[in-house]
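Colleague: Quick one, structure for this:
(2 chains)
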Number of protein chains: 2
Amino acid sequence: MKCRTCGQKAVVNMRQHKLALCKEHYLEWIPEQTERFIGKYHMFSKDEKILVAVSGGKDSLSLWDILNRLGYQADGLYIGLGIDESIDYSKESHRFTIKFADEHQLKLHSVDVEKEYGHSIPVLAELSHRGKGRPCAVCGLTKRHVMNRIARDLGYDVLATGHNLDDEAATLFGNTLIWSGESLVRQSPVLPESDGLARKVKPLCRFYEKEMTAYALLRGIEYIYEECPFSIGSTSIYYKQLLNQLENERPGAKLIFYLKFLEARKQGLFNISEMDKSPLLTKCSSCGQPTSAEGECSFCRMMAKVKIPNQPNDDQ
Amino acid sequence: MKCRTCGQKAVVNMRQHKLALCKEHYLEWIPEQTERFIGKYHMFSKDEKILVAVSGGKDSLSLWDILNRLGYQADGLYIGLGIDESIDYSKESHRFTIKFADEHQLKLHSVDVEKEYGHSIPVLAELSHRGKGRPCAVCGLTKRHVMNRIARDLGYDVLATGHNLDDEAATLFGNTLIWSGESLVRQSPVLPESDGLARKVKPLCRFYEKEMTAYALLRGIEYIYEECPFSIGSTSIYYKQLLNQLENERPGAKLIFYLKFLEARKQGLFNISEMDKSPLLTKCSSCGQPTSAEGECSFCRMMAKVKIPNQPNDDQ
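Modeller: Okay, here's the model as predicted:
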């Protein structure tokens, strides 16, 4: 297999694109494609300040690397979740993130959830009785809160996350299996700024997970290989496996599923005005972030709950 | 496991409905549910004349049986496709259909494609160079033509087919994977009468395939076990396998996928007026059936092509 660009030995063969490339040209191709997606979906410009949510994994570190290579003003935000029970997941991912930032002389903001809010994510989940034994819902809620807070307080225009095609296709698949209209009309590479929340973008949404793995490895980016221990057995991982099976049988199926969805929506398949039942947002009386609840937002209500000592345990 | 109705030993346990029933009450439950679906989707009334497309398989023979038990005026239509190469598929399925009609004293119309149109389906497919080695497209085109013709010529109000939930979910899955808007807005348990084409209904669309197998077996209906030999390796069978995998992991997932789709569409998820690009139909100059083509319909054009002797072989 030869590189389509230079004819040298290819190191990556993408059956879904019918494209093989050598290391050098693969490492050029990924940023070129990213730049194309940034433009196509009107994500951001070179004048804007970008906050990249970095977890220490291959996708977010690669995203940060690519944006930096493309000349964007992208700082990092690492959120320490305190998931260090079975393995040192958070400690290790923080270490990789700091190492990357140092080596590339990039600015990194770190927020430690336990230090700032009193409890790590697993403890918060236990104390708040949310999520039925899995801290994922509490983790999502907390990360959204922190990302929005830092973006707003430090004046970032855009919040960028490392979601890849496998992530997006799995989310789409889950929403399609139950035909959740509200979720279908909202899933997008770009969520515009609204009510004081920064614009949210996913510049890697069209890259296969394995393409990002190849990028990180070939670029020599050191990242945490382990998945979050709480993600084992999750629905999204199950959907990813099903979609991988489909992809193996029909190369390109995953990309087609996602791209045809974006195209169909653009061409008016969905009654967006009918489906987008976004409630009116007000300001949380405690943190000031937009919320659909009256008074305090979900995050502040959770925090109020876990801070009260000797609070009656509603499981009993 | 005990029958929910009478407490006797259950023979069928439907995890997806959390319902177990004995033979007697299962054989009552299926027609009751069918009656409920016929009413819910406004399929037909007791005054209307129904033509059931029977293939000799478990679904269509069970449908005919159920409609008969419920007191509907339902005659059968068997279409002889001439698929008797590897196994006597058509001959056997005809034999089972005739046996069922005789035993239940039901009226059966039989149309033999080779006798009426000069060639069996496999030969028609070969001569017309349609379908890339698979006669499924030619078979579908021919069956639609014959069903519409018989329904119109013999004055039937409704054409009923035995599609079950597995069929409908697989079709929906295929259309969703490529987000085919036109197909998504058209897939329905009922297609209303239009331009002289009889209404089309699928009264079994909410039953799992295994539920129909259990019904046929418990009712003692003799049917052809083999699938059409040309269906082996087809995309729809592949999608059924994937959905079965999902169903095994999450009982009820297949039903939820289909029902939530119908519900979402009813609640306005899709921009139906925007998507339904049905072209204006005119009458085929040869057979008189509605067609979107100018002049002759697809079926008549195919027939004209295969009737010309010494026609140049456009593969060469």
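
Colleague: hmm, who's touching the helix or strand of chain A with the lowest mean pLDDT?
Modeller: Scoring the helices and strands of chain A by mean pLDDT, DSSP states H and E places helix A:272-275 at the bottom, with a mean of 77. Under the contact criterion C-beta atoms under 8 Å, 6 or more residues apart in numbering or on different chains, helix A:272-275 has outside partners A:181-182, A:184-185, A:265, B:268-269. C-beta: built from backbone N, CA, C; applies to glycine.

Colleague: Give me the buried positions along it.
Modeller: Within helix A:272-275, the residues that count as buried by 16 or more other C-beta atoms under 10 Å in any protein chain shown are A:Met275.

Colleague: In chain A, what residue spans correspond to helices?
Modeller: A:23-40, A:58-69, A:89-104, A:113-117, A:121-128, A:136-153, A:165-177, A:181-186, A:209-219, A:235-249, A:253-266, A:272-275, A:298-307 (DSSP state H).

Colleague: B:Asn175 is in contact with A:Lys260, correct?
Modeller: No - the pair A:Lys260 / B:Asn175 is not scored as a contact, 10.4 Å apart, by C-beta atoms under 8 Å.

Colleague: tell me the pLDDT at A:Asp315?
Modeller: You'll see A:Asp315 listed with a pLDDT of 43.

Colleague: In the contacts of helix A:272-275, find the pair that's most separated.
Modeller: The span of these, defined through C-beta to C-beta, is set by A:Arg265 and B:Gly268 at 14.9 Å.

Colleague: Who has more neighbours out of the two?
Modeller: Comparing A:Arg265 with B:Gly268 by other C-beta atoms under 10 Å in any protein chain shown, the one with more neighbours is A:Arg265, at 17 against 14.

Colleague: and that one, what does it touch?
Modeller: Per C-beta under 8 Å, 6+ apart, neighbours of A:Arg265: A:184-185, A:272.

Colleague: Relative to chain B, which residue of the stretch 51-200 of chain A is the closest?
Modeller: Nearest residue of the stretch 51-200 of chain A to chain B: A:Trp179, at 4.0 Å (C-beta to the nearest C-beta).

Colleague: How about the residues of the stretch 101-250 of chain A by chain B?
Modeller: A:176-179, A:181, A:184, A:238, A:242, A:245-246, A:249 (C-beta under 8 Å from any C-beta of the partner chain).

Colleague: can I get the contacts of A:Arg265 in CSV with distance to B:Ser86?
Modeller: Listed next are these as CSV, based on distance: C-beta to C-beta, whole Å:
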residue, distance to B:Ser86
A:Leu184, 44
A:Val185, 48
A:Ile272, 50
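
Colleague: Buried members of the residues of the stretch 101-250 of chain A next to chain B into ChimeraX, please.
Modeller: The following ChimeraX line selects those of these that are buried, judged by 16+ other C-beta under 10 Å:
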select /A:176,177,179,181,184,238,242,246
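
Colleague: related to what we said a few turns ago, tell me which of the helices of chain A is the most buried.
Modeller: helix A:58-69 (a mean of 24; mean count of other C-beta atoms under 10 Å in any protein chain shown).

Colleague: What is that one packed up against?
Modeller: helix A:23-40, strand A:49-53, strand A:73-80, helix A:89-104, helix A:209-219 (3 or more C-beta pairs under 8 Å, 6 or more residues apart in numbering or on different chains; DSSP states H and E).

Colleague: mind checking which of the ones you listed is nearest B:Ser298?
Modeller: Between those, helix A:23-40 lies closest to B:Ser298; by C-beta to C-beta that is 37.9 Å.

Colleague: got the buried residues for stretch A:273-282?
Modeller: A:275, A:281.

Colleague: quick check, distance from that stretch to the centre of its chain.
Modeller: Per C-alpha atoms, centre = their mean, to the nearest Å, the displacement of stretch A:273-282 from the mean C-alpha position of its chain is 23 Å.

Colleague: cool, and stretch A:58-76?
Modeller: Counting by C-alpha atoms, centre = their mean, stretch A:58-76 comes out at 13 Å from the chain centroid.

Colleague: Give the full set of residues in contact with the residue in the stretch 1-150 of chain A positioned nearest to chain B.
Modeller: Residue nearest to chain B within the stretch 1-150 of chain A: A:Gln16 (14.2 Å; C-beta to the nearest C-beta). Contacts for A:Gln16 (C-beta under 8 Å, 6+ apart) come out as A:208, A:247, A:251-252, A:254-255.

Colleague: residues contacting the closest residue to it other than its chain neighbours?
Modeller: Excluding the flanking residues, the one nearest A:Gln16 by C-beta to C-beta, 6 or more residues apart in numbering or on different chains is A:Gly252, at 4.1 Å. Residues near A:Gly252 by C-beta under 8 Å, 6+ apart: A:15-17.

Colleague: And the pLDDT at A:Gly252?
Modeller: 95.

Colleague: how far away is it from chain B?
Modeller: 11 Å (C-beta to the nearest C-beta, to the nearest Å).

Colleague: For that residue, give me the backbone phi and psi.
Modeller: phi 100, psi -10 (degrees, to the nearest 10).

Colleague: where does chain A have low pLDDT?
Modeller: A:276-278, A:308-316 (pLDDT under 70).

Colleague: residues touching the residue lying closest to A:Gln73 once chain neighbours are set aside, list them.
Modeller: Nearest residue to A:Gln73, sequence neighbours excluded (C-beta to C-beta, 6+ apart): A:Lys49, at 5.4 Å. The contact partners of A:Lys49, taken as C-beta under 8 Å, 6+ apart, are A:73, A:75, A:155-158.

Colleague: now with 6 Å?
Modeller: A:Lys49 is in contact with A:73, A:156-157, counting by C-beta atoms under 6 Å, 6 or more residues apart in numbering or on different chains.

Colleague: Compare those residues and tell me which has the most neighbours.
Modeller: Counting neighbours by other C-beta under 10 Å, A:Tyr156 comes out on top of these with 23 neighbours.

Colleague: was I right about that residue contacting A:Leu51?
Modeller: Yes - with contact defined as C-beta atoms under 6 Å, A:Tyr156 and A:Leu51 form a contacting pair (4.0 Å).

Colleague: overlap in contacts of the two?
Modeller: Common neighbours of A:Tyr156 and A:Leu51 (C-beta under 6 Å, 6+ apart) do not exist.

Colleague: Give me the phi and psi for A:Phe207.
Modeller: phi -100, psi 130.
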